[in-house]
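Enquirer: no sequence on hand, only this structure:
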């Protein structure tokens, strides 16, 4: 079974600073996806960034980038130039890669609550 | 693309009552998922459909829970004889069945059991 662990329940940083959220996972699969989802207070979950396990290059999306270490099963999220709108719950998540018998349910971590301070 | 829609946004009910939630996926998304999120936790998978077929159910889905997706469009999740432990946010997500497409989430239905 797959597990996702986020060891930082809560973090606070000043606006414009850089912050890194940690995530480790465990799986015996070789082909999978990793995600970071953002859930603002009382708002819907949105996908921030996605990494395919077969790709060595770390994914980036504007101010968001990941550090994917497959051997260490580590997948951290870096937010550069943090903004007040980045305040949210952030979930690290895992999904097996598809095939004939697709099993694409997402396994989520417990989340890290991030506060961006003005 | 109007997004995944869930109704109601909030439901308060007494223990022992039955409740039903509705999810309308993004049009042309033939995969639909239900997750449950309790306070301070990440979402946990409950079940999913491909078109009208329910392909997998989590062990979290006790026999008091039933989900349907008639005609492969909207889905309903019913909880019978609600218990205190059913209090949670129930999230619906949908995706296309074209390779490993991202899941798009709705706002969720927050269930409170009195």
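Expert: Arrived safely. What you see is a predicted model; the values in this text were computed from it and never measured. Residues are numbered from 1 along each chain as shown, chains lettered A, B, ... in the order given.
Enquirer: buried residues in the strand or helix carrying residue A:25?
Expert: In this structure, residue A:25 is located in strand A:24-26 according to DSSP states H and E. Buried residues in strand A:24-26, counted by 16 or more other C-beta atoms under 10 Å in any protein chain shown: A:24, A:25. In this view, the C-beta of every residue, glycine as well, is placed from N, C-alpha and C.
Enquirer: next one: it, is it in contact with chain B?
Expert: No. If you take C-beta under 8 Å from any C-beta of the partner chain as the test, strand A:24-26 misses chain B, and the best it gets is 12.4 Å.
Enquirer: what pLDDT, on average, does that strand get?
Expert: For strand A:24-26, the mean pLDDT works out to 97.
Enquirer: residues from chain A in reach of chain B?
Expert: So far as C-beta under 8 Å from any C-beta goes, chain A lies against chain B at A:4, A:33, A:37, A:43-47, A:50, A:91, A:93, A:95, A:97-98, A:103-111.
Enquirer: repeat that for 7 Å
Expert: Within chain A, the positions adjacent to chain B are A:33, A:44-45, A:47, A:50, A:91, A:97-98, A:104-106, A:108-111 by C-beta under 7 Å from any C-beta of the partner chain.
Enquirer: return the closest of the residues you listed with respect to chain B.
Expert: residue A:108 (3.2 Å; C-beta to the nearest C-beta).
Enquirer: quick one: contacts for the closest residue in space to that closest one that isn't next to it in sequence?
Expert: Leaving aside its sequence neighbours, residue A:108 sits nearest to residue B:42 (C-beta to C-beta, 6 or more residues apart in numbering or on different chains; 3.2 Å). Counting by C-beta atoms under 7 Å, 6 or more residues apart in numbering or on different chains, residue B:42 touches A:91, A:108, A:109, A:110, A:111.
Enquirer: how would you label the residue nearest to the fourth one when sequence neighbours are not counted: helix, strand or coil?
Expert: By the measure of C-beta to C-beta, 6+ apart, the closest residue to residue A:110 outside its immediate chain neighbours is residue B:42, 5.2 Å from it. Classification of residue B:42 by DSSP: H, G, I helix; E, B strand; the rest coil places it in coil.
Enquirer: how about the strands in chain A?
Expert: A:3-5, A:10-14, A:19-21, A:24-26, A:32-39, A:46-52, A:60-61, A:64-69, A:74-79, A:88-96, A:107-108, A:112-117 (DSSP state E).
Enquirer: now swap in chain B and tell me
Expert: Under DSSP E, chain B gives strands at B:5-7, B:10-13, B:19-24, B:31-37, B:44-50, B:53-57, B:65-68, B:75-79, B:88-95, B:104-105, B:109-113.
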